[in-house]
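Peer 1: Output the structure for:
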Amino acid sequence: MSTSALLVMYPGLEGQLFDPAARSRLGHVVDLSSDAAVVDLAGLDGLEGVEVLVTGWGCPPLDADTLDRLPSLRFVAHAAGTVKGLVTDALWERGVTVTSAAAANAVPVAEFTFAAIVMLGKDVFGIRDRHRQARGTTSVVDHAPVGNRGLRIGIIGASMIGRLVVERLRTLDVEVVVSDPYLDDAGASALGVVALGLDDLLATSDVVSVHAPALPSTHHLLDAAALARMRDGAWLINTARGSLVDTTALEAELVSGRLSALIDTPDPEPLPSGSPLYDLPNVVLTPHIAGSLGNEVGRLGELAVTEVERFVAGQPPLHPVTREDLGRIA
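Peer 2: A predicted model of the protein is given here:
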């Protein structure tokens, strides 16, 4: 008997996640209860035989009431990053296997971060602004402080994204240091980096890039005292979550001009229209674009399909998420 599955996400999103090839692969291993994605499971009938949910942005919490209508559910393949918005105690208690496509979403974030580090080292944004004002002269380039050679790059969080950034930084002539409570010296050596405490990393890095998860323990990890430890002229990159940084404290450092920042995920998001960070020359603001956009979204769908294929074939998932994981992952 074939496996019954359902797409649960914002309607229309399935067209972005699954190109014809991915959709064909999915159709070879499961029977979709509906060709179109749904979000309102309460309004659907005939869910009793559904064994697999392929979920994405917009999937509601899979609580006890919802699961009562899905008595055959055994597998959830989440075609997005964090599963925290959909998993519940009831889901774990029923022994449903959950997977995430966070590994696929990590790729563009790491690419974005690597590109940002290269451009910040070359003072691309400052030179752009000065070049725009000077109109036709090369005197806007101050060669002495420009370049990536020999910089110390501090990575906060040896997460999936953090490790991908480290991997890409190996192509540069830079020193990489990492702060992560779960990374010991042996693990750091395997990564080819130096493990440092957060205070030392902040005090000695030219660029600090944040890749830690948003947890109660990491809320305002970079508060006023932490930011004050950063060396004058250092850059802070945040492509993680805005809650890891005390926005008020960071704003004070940026307004003073002592620090610079590239912020993809502010707190709040978006920043109020009156925030001075929009106009400061030492700040680069982007509207949460480091993660999967456009054709990059297809990676998430492809990974979710792979997980479903493995489930149907009786193989273990590549990226399972457990209840215990939620206390330490994004």
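Peer 1: only C-alpha atoms for contact and neighbour calcs from this point on.
Peer 2: Will do.
Peer 1: Which parts of the stretch 51-200 of the chain are helices?
Peer 2: For the stretch 51-200 of the chain, applying DSSP state H, counting those that start in this stretch gives helices covering 64-68, 89-93, 102-121, 124-134, 160-169, 185-191, 198-204.
Peer 1: Adding distance to residue 221, write those out as JSON lines.
Peer 2: As requested, those are exported to JSON lines (distance: least, Cα to Cα, whole Å):
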{"stretch": "helix 64-68", "distance to residue 221": "35"}
{"stretch": "helix 89-93", "distance to residue 221": "28"}
{"stretch": "helix 102-121", "distance to residue 221": "20"}
{"stretch": "helix 124-134", "distance to residue 221": "27"}
{"stretch": "helix 160-169", "distance to residue 221": "16"}
{"stretch": "helix 185-191", "distance to residue 221": "21"}
{"stretch": "helix 198-204", "distance to residue 221": "10"}
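Peer 1: so residue 243 touches residue 267, yeah?
Peer 2: Yes. Counting by Cα atoms under 8 Å, a contact exists between residue 243 and residue 267, whose distance comes to 5.9 Å.
Peer 1: more neighbours, these two?
Peer 2: With other Cα atoms under 10 Å as the criterion, residue 243 and residue 267 differ in neighbour count, and residue 243 comes out ahead with 21 against 17.
Peer 1: which residues sit in contact with that one?
Peer 2: Listed by Cα atoms under 8 Å, 6 or more residues apart in numbering, the contact set of residue 243 reads 214, 219, 220, 266, 267.
Peer 1: Isn't the second one up against residue 245?
Peer 2: Yes. Contact status for residue 219 versus residue 245: in contact at 7.3 Å, counting by Cα under 8 Å.
Peer 1: how big is the angle separating the helix-or-strand element of the chain with minimal mean pLDDT from helix 102-121?
Peer 2: For the chain, scoring each helix and strand by mean pLDDT, DSSP states H and E identifies helix 124-134 as the least confident one, at a mean of 90. Between the direction of helix 124-134 and that of helix 102-121, the angle (axes from the mean of the first three to the mean of the last three Cα atoms, to 10 degrees) works out to 50 degrees.
Peer 1: which parts of helix 124-134 are buried?
Peer 2: Of all the residues in helix 124-134, those buried under the rule 16 or more other Cα atoms under 10 Å are 125, 126, 127, 130, 131.
Peer 1: Relative to residue 189, which of those is nearest.
Peer 2: Each of the buried residues of helix 124-134 was checked against residue 189 using Cα to Cα; the closest is residue 125, at 33.8 Å.
Peer 1: Low-confidence regions, the stretch 101-250 of the chain specifically.
Peer 2: Low-confidence regions of the stretch 101-250 of the chain, defined by pLDDT under 70, span residues 138.
Peer 1: Most neighbours among the contacts of residue 243, please name it.
Peer 2: Neighbour tally across the contacts of residue 243 (other Cα under 10 Å): the maximum, 23 neighbours, falls on residue 266.
Peer 1: where's that one relative to residue 214, distance?
Peer 2: The spacing between residue 266 and residue 214, counted by Cα to Cα, to the nearest Å, is 13 Å.
Peer 1: which residues do those two both contact?
Peer 2: Both residue 266 and residue 214 are contacted by 241, 243, under the criterion Cα under 8 Å, 6+ apart.
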